[in-house]
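**Q** Output the structure for:
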Amino acid sequence: KDLISKLLAAGYVVVAPDYEGLGTPGIHPFLNVKSEAFSITDAVVATRNYLSQRNLLTSKKWLTVGHSQGGHAALGAAQYASRAQLDYKGTVAVAPASNLGFILVAGEQSVANATLDKKISMYAQLDTYTALVTAGIRNTQPAFNYSQVFTSQISSIAAQAETICSGPLGQAFGAGMTKYATDHNGTLDGYTRTQPNFMAVPLVKTFLDKDSQPLQVKVTTPIIIYQGLADSTVPKVATDILI
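**A** Numbering: from 1, shown residues only. The predicted structure is shown next:
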């Protein structure tokens, strides 16, 4: 809100679009570069046409600014900016999501020897991402099933990714682990979450390697990326790989 207020005060027209499946029918294709980019470019064109018809805007210049998933989307918009047939000036991405497969593996490793509360917190975050990815794949592949990614212990929680937001979804994953640990002498021994090698499942692998990864094509317009050193959601090393 603070950023938008400052942009407005500086004279910018600010367009904050919903992505596909958010506020519209269907499942949200979480971190799908093309879907996000199309949502942004369509929204920019529609807004400019609306304002131009009322003699409120004549400039063809535009840029994208985003944080986290929004930073990921901003980089996607840079790849597909030509769709808008306007004058794209550049991209500001703050802790943009990228290299999701790496983040999932690194997250697991980071809490291998951690206390139970830290494990549950990290696992809940990772499972939330994985569930949102699975839901997003189902946008175009409705036959794809949560049981192909998650074990029977938590596949029903994962399926809620289609109907609730990430915060409550993470809380549901955490609550399930906490209850299990309470009933099993304070450990998660025997608690299974994802299927072995689920990232090698063809649809998942294609998403992680291709559909979700920004900047796989050359972008000639300016890009600036900001990244916090202590960010635990988008770790600096993932952004280093992106750069």
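**Q** Stretch 222-234: end-to-end distance?
**A** Stretch 222-234 has its terminal residues 22 Å apart, counting by C-alpha to C-alpha, to the nearest Å.
**Q** Could I get the buried residue list for it?
**A** Going by neighbour count (16 or more other C-beta atoms under 10 Å), the buried part of stretch 222-234 is 223, 225, 227, 234. (Glycine included, C-beta is placed from N, CA and C.)
**Q** repeat for stretch 196-212
**A** 198, 199, 201, 203, 204, 207, 208, 211, 212.
**Q** same deal with stretch 148-160?
**A** In stretch 148-160, counting by 16+ other C-beta under 10 Å, buried: 149, 150, 151, 154, 155, 157, 158, 159, 160.
**Q** Likewise for stretch 235-243?
**A** Result for stretch 235-243 [16+ other C-beta under 10 Å]: buried residues 235, 238, 239, 242.
**Q** what's next to it, contact-wise?
**A** 95-96, 98-99, 102-103, 106, 214-215, 225, 227-229 (C-beta atoms under 8 Å, 6 or more residues apart in numbering).
**Q** Can you tell me which of the residues you listed is nearest residue 184?
**A** residue 106 (26.7 Å; C-beta to C-beta).
**Q** which residue ranges form the strands in this structure?
**A** Along the chain, counting by DSSP state E, strands occupy 61-67, 87-94, 223-226.
**Q** As a markdown table, these with mean pLDDT and distance to residue 53 would be great.
**A** Converted to a markdown table, the strands of the chain look like this (pLDDT from 0 to 100; distance: least, C-beta to C-beta, whole Å):
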| stretch | mean pLDDT | distance to residue 53 |
| --- | --- | --- |
| strand 61-67 | 97 | 17 |
| strand 87-94 | 98 | 19 |
| strand 223-226 | 98 | 32 |
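**Q** Show which residue of the protein lies farthest from the average position.
**A** Distance from the C-alpha centroid of the chain, by C-alpha atoms, centre = their mean, peaks at residue 55 (35.9 Å).
**Q** which residues of the protein fall in helices?
**A** Ranges of helices in the chain, per DSSP state H, are 2-9, 33-53, 69-79, 100-110, 116-137, 155-158, 166-183, 202-206, 236-242.
**Q** Check these for me and report the most buried one.
**A** Using mean count of other C-beta atoms under 10 Å, the stretch among these with the largest mean neighbour count is helix 69-79, at a mean of 25.
**Q** what's in contact with it?
**A** Contacts of helix 69-79 (C-beta under 8 Å, 6+ apart): 19, 30-31, 33-34, 36-37, 39-41, 64-66, 88, 90-98, 214-215, 217, 219, 221, 223, 225.
**Q** rerun at 7 Å
**A** The contact list for helix 69-79, computed with C-beta atoms under 7 Å, 6 or more residues apart in numbering, reads 31, 33-34, 36-37, 40-41, 64-66, 91-98, 214-215, 217, 219, 221, 223.
**Q** try stretch 146-159
**A** 127, 130-131, 134, 172-173, 176, 191-195, 198, 201, 204.
**Q** gap between it and the chain center?
**A** 20 Å (C-alpha atoms, centre = their mean, to the nearest Å).
**Q** I'd like the distance from residue 156 to residue 131, if you could.
**A** Per C-beta to C-beta, to the nearest Å, residue 156 is found 11 Å from residue 131.
**Q** And for residue 101?
**A** 15 Å.
**Q** In the sheet, which residues pair with residue 223? Tell me.
**A** residue 91 (DSSP bridges).
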